[in-house]
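[1] fold the following for me, if possible:
(one chain, ligands or ions: 1)
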Amino acid sequence: MRVSGPEIARHYNGPMIEACSGCGLLVEGGASGCQRIFEELTARDFSNVLYGRVHRLLVDTYCLQHPDAFCASAKSMAAHLTGLAWTLEREGSPARGSETLRRWIEAHPGLPRPTPP
Ligand SMILES: [Zn+2]
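    Have a look, this model is predicted:
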């Protein structure tokens, strides 16, 4: 017998699964649960060099998926957006940000913040 969505919800007694308001991940606790996973992954980056090799990629991706909280300013939006593009399109280090990009962002404090898609 196949059980449909509402019927599953009526019989489900597990933890409350909600969609993260930032990225849409279905996780216990919604946005706070998603952030808890992010914090666990970043902690792992600092305890295991194998994961640390992609630390910057993880941070830029997470922040761009949650722009209301982590890209509130033009500076933070530019840093994460250019950092991700530098890593993915220019073969930049996924572990560390670009010093050239950091200097460029610092030299342009009046950048307008683009509207997230
Ligand atoms: Zn999320």
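[2] beyond the helix or strand bottoming out on mean pLDDT in the chain, next helix or strand please.
    Lowest by mean pLDDT, DSSP states H and E among the helices and strands of the chain is helix 5-11, with a mean of 63. Moving toward the C-terminus from helix 5-11, the next helix or strand (DSSP states H and E) is strand 17-19.
[3] for that next one, what does the pLDDT average out to?
    Averaging pLDDT along strand 17-19 gives 96.
[4] contacts for it next, please.
    Strand 17-19 is contacted by residues Leu25, Leu26, Val27, Glu28, Gly29, Gly30, Gly33 when judged by CB atoms under 8 Å, 6 or more residues apart in numbering. To be clear about C-beta, it is placed using only N, CA and C from the backbone, and glycine gets the same treatment.
[5] next, the buried residues of it.
    Glu18 (16 or more other CB atoms under 10 Å).
[6] right, and the helix or strand after that strand?
    Downstream of strand 17-19 (by DSSP H and E), the next one is strand 26-28.
[7] rewinding a little: ok, the contacts of strand 17-19 vs the ion, which is closest?
    The nearest member of the contacts of strand 17-19 to the ion, counting by CB to the ion, is Leu25 at 4.8 Å.
[8] can you tell me the closest non-neighbouring residue to the residue nearest the centre of the chain?
    Central residue of the chain (CA atoms, centre = their mean): Tyr62, 0.5 Å from the mean position. Using CB to CB, 6 or more residues apart in numbering and skipping residues adjacent in sequence, the residue nearest Tyr62 is Phe38, 5.0 Å away.
[9] the helix or strand harbouring that neighbour packs against which elements?
    Using DSSP H and E, Phe38 falls within helix 30-47. Packing contacts for helix 30-47, counted by 3 or more CB pairs under 8 Å, 6 or more residues apart in numbering; DSSP states H and E, involve strand 17-19, strand 26-28, helix 49-52, helix 55-65.
[10] just the angle between it and helix 55-65, please?
    170 degrees (axes from the mean of the first three to the mean of the last three CA atoms, to 10 degrees).
[11] can you list contacts of helix 30-47?
    18-23, 25, 27, 29, 51-52, 54-55, 58-59, 62, 66.
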